[in-house]
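**Q** Need a 3D model of the sequence below.
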Amino acid sequence: MKARLPQGYGGGQANLMKQVQKMQEDMAALQEELDNRDFTITAGGGMITVVMNGKKALKSIELSPDIVDPDDIETLQDLIVAAVNEATTQIDATVSEEMGKITGGMNIPGLF
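**A** Just a heads-up that it's a prediction; the model follows:
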């Protein structure tokens, strides 16, 4: 009894290599696009806005004057940390989702 491969997987090793190469090219292009994309996150009910790029480099932080209280620096620090952490989480989720579209949901260690 012969095993049947899903449609699109036939054609031998040469076809498979072409598919892998195309996937690699698509992933590289997507990674470059994601690296250059800006992610904007707000925290503290909109009192803090953080902008990071897809490489997780912090580009800017905007603070509402209402959040700046010299007697409560700890809250401001906590909100900044929360905003930066949320930005990195959102970047990771977006990269994973977008790459999953290319890989068909395959988890390929080391690629992203």
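
**Q** Do you have the strands of this protein handy? List them.
**A** Applying DSSP state E to the chain gives strands spanning 38-43, 48-53, 58-63.

**Q** In JSON lines, list these along with distance to Lys18, mean neighbour count and mean pLDDT.
**A** Where C-beta positions appear, they are placed from N, C-alpha and C, glycine not excepted. Output for these, formatted as JSON lines (distance: least, Cβ to Cβ, whole Å; neighbours: other Cβ atoms under 10 Å; pLDDT from 0 to 100):
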{"stretch": "strand 38-43", "distance to Lys18": "34", "mean neighbour count": "16", "mean pLDDT": "93"}
{"stretch": "strand 48-53", "distance to Lys18": "32", "mean neighbour count": "19", "mean pLDDT": "95"}
{"stretch": "strand 58-63", "distance to Lys18": "38", "mean neighbour count": "12", "mean pLDDT": "96"}
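
**Q** what about those, which gets the closest to Gly100?
**A** strand 38-43 (17.8 Å; Cβ to Cβ).

**Q** Show residues contacting the closest one.
**A** 48-54, 59, 79-80, 82-83, 86-87, 90-91, 94 (Cβ atoms under 8 Å, 6 or more residues apart in numbering).

**Q** got the buried residues for the longest helix anywhere in the chain?
**A** Identified as the longest helix of the chain according to DSSP state H is helix 73-103. Residues of helix 73-103 classed as buried by neighbour count (16 or more other Cβ atoms under 10 Å): Leu76, Leu79, Ile80, Ala83, Val84, Glu86, Ala87, Ile91, Val95, Glu98, Met99, Ile102.
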